[in-house]
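1. I need the structure of the sequence given here:
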Amino acid sequence: MSEELVLVSQEGAVRTLTLHRPKALNSFTTAMHSQLLAALEAAAADHAVRCVVITGAGRGFCAGQDLSDPAIAPRRAASGKLAAPHDQPDIGDLIEVCYRPLANRIHTMPIPVVAAVNGVAAGAGANLALGCDIVIAAKGASFIQAFSKIGLIPDCGGSWLLPRLLGRPRALALAMLGDKLPAEQALAWGLIWQVVDDAELPAAAQALAQRLAALPVQALAATRAALDAGANSSLDDALANEARLQARLGRSSDYVEGVSAFFDKRAASFTGR
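-> Just a heads-up that it's a prediction; the model follows:
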C-alpha cells in the first residue's frame, strides 16, 4: 500500500485534509500532490461535504517543494557536483503537472476551503494556504516567499495572489527579499483572516468551517467567483456578472429556503450544493 501523505477526516459536513509528511515539514512531493488533488476532487464530488479544511501534521503547515523529490531533484555530474544548468530538470513541467492543477482546483471548488496554518508555510506552501478562501493561522505560524533564495519566482499561484492581496510594493518586497512574515503581521497587512493561540487553532478552524458549512455553499462559491472576476473587470461588466449570478441563485432551493426562513423568523436550513 502507498504511504498516506494526506490524511482525510470528517466531522459533520466538514472534511479535513491534513498534509502528512511531518518529518519534512509536509513539503511537497509528486506523490503528495497526487493524493491531495485526489482528496480535493473527492470532496468536490461528495454532496455530504460542505466545507474543506487544509492543515498540516506536526509543527509545520507546508515547507513548499521538497527539492529531493525525484521529479525535481538537482542532477549531478560524474564528479558529484551539480550538473550544468541545461542538464537540470524542467521545473516548468512540475508546475504544469502538479501546481497548476492544484491551484486551479482550490480556486474552483464548489464549496468553501479554509487553510488552518499551524506553523511555517513557505514557498508553494505559503501560496497553497493563501489560495484558500479563508486563512486562519496560529500565532506561531509564518509565511515565507522563499523562491528568490534559490533563483525562482513565486508559484502555486503566488504571482497572481500576492499583488491582489497586498498591493505591488509589499508583494514585490516579500517575493524579492524572501523574509519571514509572522502570522500577526500577515493579519495586520490583510493577508489572512484570523490569528489564534497555537493550541486553539484546530478548534477555531473547525468552528469556522462548521459555520461556513451551515451557509448556502453554492452562493459562497459564486461569491468567490464574483469577487475574483470583479477585481479584473469594469463596473459595468461586474454589474452584468452580478445579474447573471443572481438570476441563477435566485432560482435555487437555498434562496427559497433563506427567504422563507426570513419571513418565518427561524433559522434557515440550507441543503443546496
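2. CA only for contacts and neighbour counts going forward, please
-> Will do.
3. Break down the stretch 51-200 of the chain into its strands, ranges please.
-> For the stretch 51-200 of the chain, the strands defined by DSSP state E, counting those that start in this stretch cover 51-56, 60-62, 113-117, 120-122, 134-138, 142-144, 180-182, 194-196.
4. Now stretch 218-233 - C-alpha only, PDB.
-> Provided in PDB are the C-alpha atoms of stretch 218-233 (Å, rounded to 0.1, in the frame of the first residue of the first chain):
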ATOM      1  CA  GLN A 218     -23.500  27.400  -3.700                       C
ATOM      2  CA  ALA A 219     -23.800  31.100  -3.100                       C
ATOM      3  CA  LEU A 220     -20.400  31.200  -1.300                       C
ATOM      4  CA  ALA A 221     -18.700  29.600  -4.200                       C
ATOM      5  CA  ALA A 222     -20.400  32.100  -6.500                       C
ATOM      6  CA  THR A 223     -19.300  34.900  -4.200                       C
ATOM      7  CA  ARG A 224     -15.700  33.800  -4.700                       C
ATOM      8  CA  ALA A 225     -16.100  33.800  -8.400                       C
ATOM      9  CA  ALA A 226     -17.800  37.200  -8.500                       C
ATOM     10  CA  LEU A 227     -15.200  38.900  -6.400                       C
ATOM     11  CA  ASP A 228     -12.300  37.500  -8.400                       C
ATOM     12  CA  ALA A 229     -14.000  38.400 -11.700                       C
ATOM     13  CA  GLY A 230     -14.900  41.900 -10.400                       C
ATOM     14  CA  ALA A 231     -11.200  42.600  -9.500                       C
ATOM     15  CA  ASN A 232     -10.300  42.500 -13.200                       C
ATOM     16  CA  SER A 233     -13.400  44.000 -14.800                       C
END
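5. Check which residues of that stretch are buried.
-> 218, 219, 220, 221, 222, 224, 226, 230 (16 or more other CA atoms under 10 Å).
6. any idea which of these is closest to residue 265?
-> Nearest to residue 265 among these is residue 219, at 21.0 Å by CA to CA.
7. which non-adjacent residue is nearest the closest one?
-> residue 249 (6.9 Å; CA to CA, 6 or more residues apart in numbering).
8. Look up how far residue 222 lies from the one you found.
-> Remark: distance between residue 249 and residue 222 (CA to CA, to the nearest Å) = 9 Å.
9. Also residue 29?
-> 32 Å.
10. quick revisit: please identify the deepest-packed of the strands of the stretch 51-200 of the chain.
-> Most buried of the strands of the stretch 51-200 of the chain, by mean neighbour count (mean count of other CA atoms under 10 Å): strand 60-62, with a mean of 31.
11. helices and strands around that one, which ones?
-> Contact analysis of strand 60-62 by 3 or more CA pairs under 8 Å, 6 or more residues apart in numbering; DSSP states H and E lists strand 113-117, strand 120-122, helix 124-130 as its packing neighbours.
12. Check the offset of the longest one from the chain's centre.
-> The chain centre lies 6 Å from the centre of helix 124-130; the measure is CA atoms, centre = their mean, to the nearest Å.
13. what does that helix contact?
-> Residues from elsewhere that reach helix 124-130, judged by CA atoms under 8 Å, 6 or more residues apart in numbering: 27, 61-65, 103, 115-117, 121, 135, 143-145, 154-158, 161, 191-192.
14. Tell me which of the helices and strands packed on strand 60-62 lies nearest to residue 197.
-> Among the helices and strands packed on strand 60-62, strand 113-117 comes nearest to residue 197, with 11.6 Å by CA to CA.
15. For residue 40, see how far away the residue nearest to residue 219 is.
-> The value you get for residue 249 to residue 40, if CA to CA is used, is 24 Å.
16. need the buried residues of stretch 218-233 in CSV with secondary structure, can you?
-> Converted to CSV, the buried residues of stretch 218-233 look like this (DSSP: H, G, I helix; E, B strand; the rest coil):
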residue, secondary structure
218, helix
219, helix
220, helix
221, helix
222, helix
224, helix
226, helix
230, helix
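17. residues near residue 235, how many?
-> Residues contacting residue 235 under the criterion other CA atoms under 10 Å number 11.
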